[in-house]
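Participant: quick one, fold the following:
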Amino acid sequence: MSKLHGAGLTSQIRAISGAAQQHGSVYWSQGGVKALGTLNTELSLCDQLRKAEAFAVLNSPIWEDSSTQVQCRQIESVAGGKHALARISGSAAFERFTGPQILAIKYKRPSAWARVARISLVSSFVASLLSGEIVPIDFSDASGTNLIDIRSRQWSRVLCDAVDPALVDMLGADLAMANQTVGSLSPFFAAKYDMPSCAVVSFTGDNPSTYAGFEKMLSKEGCLAAVISLGTSDTVLSPLVQYPYHENAPTACLGHTDGHVLQHPIVGDRYIAMLCYKNGSLAREWVRDNCLPNVIGSWADFDAAAAAGPLAPESFGVYYCLSEILPRSARGIYRFKRTIASASAVQCPSGRYYMQVQDFSDAIPSNTDGKDCRAILESQFMSMRLDHSRKSDTPLSAVIVTGGASANPVIRQAMADILGVPVFAAGVLDRDGFRIKTLAMPAYGGAIRAMAARSSPPPSLDIPAKQ
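Facilitator: From the prediction side, this is the model:
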């Protein structure tokens, strides 16, 4: 705010929205709730909240916390098992989700819990600061709590009461769509930074905000485009025409509850799948550094090997350098080559037989002559294609790719080949032409929603017919 004010821009602001990391929670004391509406422009925001002892829990849990296995099992038990919990909330219980984290705080920190008056997600916390009052949590971000009844778009009384009978009141019974105005800029910010009393539009999680921002670029009605972020870990955000865990859902959906289903941030009767893979760029870098003959750390050599052509179905590999999220707990490097039927061979659903091998090279057992470079891309993108098919039987129209690896044309082409759709990279267009660049897409999504509140249409991207 200080930078915007110093640049003379704050007086031009007409609406504000934004995003924050998912799953994190903020625990307001009664003094904090009261202090929000009585802030003094002569004093700093931080000092006033500290003096009011605004937060019952000072070190709030975030998405990196994975210490709540016991609480996950408790919530699944109340729901009737992990499949039942996924049917209700969109996800089986995950340690980083807000519901298990709240339950852990209640029992591990009872004195702090006794002081909790309201609970915000990080996204609604920021919107509450700007509005000067506690504002509703966004539906889509609430999908990452294991506490929502996702199809009725309200808190699940069964799940919330299992944590605490007062939890719905603590969270706030009302929920908001991510494009809904939830308040007006508080007098504190308006006076301190010379801003108009503009609309505060609901903040949401970083992933839903990213998806909503990209989706608004698409000009064709009915275009089903996924957003894939290729970073240290890889994340797929893909559109769902219908809820995958309904009572008559295919067995393929009900039998695979890994990954998450989120409420669409701005369309009430739609959903998005969120698929997270821990082994993203780190695994690709491991192959680059360990599986090229006599070369370490060369992306040029990795690209040359990966561009040599398809490896499957004659050979394939899986590369889980770290314990994977999807599929859960998968770990290790495994390679397979096609073979004839034998006692030691494994038959795949396709009818082909494969046997596990140490490497892909018959001539040089000490290395794989670069075939791993292609194999890891095929493995990662086939996993994405398979996992999306377990959430939806509607094919994608296109993919928009972002993140550091999106600048690599070989990786983009492999993705297009394997997913079978056009792949677009995000970037910027300036006087030097188009440059692929990782943008702050959660913030962009917030800006798009703020623009919509002022009836200003965002620019669109024309997606061609499927190739």
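Participant: distance check, residue 272 against residue 225.
Facilitator: To residue 225, residue 272 is 11 Å away according to Cβ to Cβ, to the nearest Å. Any C-beta I mention is one placed from the backbone N, CA and C, and that applies to glycine too.
Participant: those two: who's more crowded?
Facilitator: Shown here are residue 272 and residue 225; by other Cβ atoms under 10 Å, residue 272 has more neighbours (27 against 23).
Participant: coming back round to it: overlap of the contact sets of residue 272 and residue 225?
Facilitator: residue 239 (Cβ atoms under 8 Å, 6 or more residues apart in numbering).
Participant: residue 184 contacts residue 201, correct?
Facilitator: No - counting by Cβ atoms under 8 Å, residue 184 stays clear of residue 201, with 10.7 Å between them.
Participant: which of these two has more neighbours?
Facilitator: The neighbour count for residue 184 versus residue 201, taken as other Cβ under 10 Å, is higher for residue 201 (27 against 17).
Participant: my read: that one touches residue 16, true?
Facilitator: Yes - counting by Cβ under 8 Å, residue 201 does reach residue 16; the two are 6.8 Å apart.
Participant: could you tell me which residues touch both of those two?
Facilitator: 446, 450.
Participant: is residue 415 part of a helix or strand, or is it coil?
Facilitator: Secondary structure, DSSP: H, G, I helix; E, B strand; the rest coil: residue 415 is helix.
Participant: all helices of the stretch 351-467 of the chain, in order?
Facilitator: For the stretch 351-467 of the chain, the helices defined by DSSP state H, counting those that start in this stretch occupy 371-389, 409-419, 441-453.
Participant: can you give me the buried ones in the first one?
Facilitator: Buried residues in helix 371-389, defined by neighbour count with 16 or more other Cβ atoms under 10 Å: 371-381, 383-385, 387-388.
Participant: show me the contact partners of stretch 43-60.
Facilitator: Here stretch 43-60 makes contact (Cβ under 8 Å, 6+ apart) with 24-29, 31-32, 34-36, 39-40, 105, 109, 112-113, 115-117, 129, 188.
Participant: if we use 10 Å, what do you get?
Facilitator: Contact partners of stretch 43-60, identified using Cβ atoms under 10 Å, 6 or more residues apart in numbering, comprise 1, 24-36, 38-40, 42, 101-102, 105, 109, 111-120, 122, 125, 129, 188-189, 192.
Participant: of those, just the buried ones, ChimeraX syntax please.
Facilitator: Buried residues among those (16+ other Cβ under 10 Å), as a ChimeraX selection:
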select :24,25,26,27,28,29,31,32,33,35,36,39,101,102,105,109,112,113,115,116,117,118,119,120,122,125,129,188,189,192
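Participant: which ones are touching residue 28?
Facilitator: Contacts of residue 28 by Cβ under 10 Å, 6+ apart are 34-36, 49, 54-57, 115-120, 125, 128, 134, 170.
Participant: I should have written residue 435 there, sorry.
Facilitator: Contacts of residue 435 (Cβ under 10 Å, 6+ apart): 407, 425, 427-429.
Participant: mind listing which of those residues are in strands?
Facilitator: Among the contacts of residue 435, the residues falling in strands (DSSP state E) are 425, 427-429.
Participant: among those, which ones are buried?
Facilitator: Counted by 16+ other Cβ under 10 Å, the ones in strands among the contacts of residue 435 give 425, 427 as buried.
Participant: ok, so of the ones in strands among the contacts of residue 435, who is nearest residue 276?
Facilitator: When these are compared for distance to residue 276 (Cβ to Cβ), residue 425 wins out at 20.8 Å.
Participant: hmm, residue 413 and the closest one touching each other?
Facilitator: No - applying Cβ atoms under 10 Å, one finds residue 425 not in contact with residue 413, separated by 11.3 Å.
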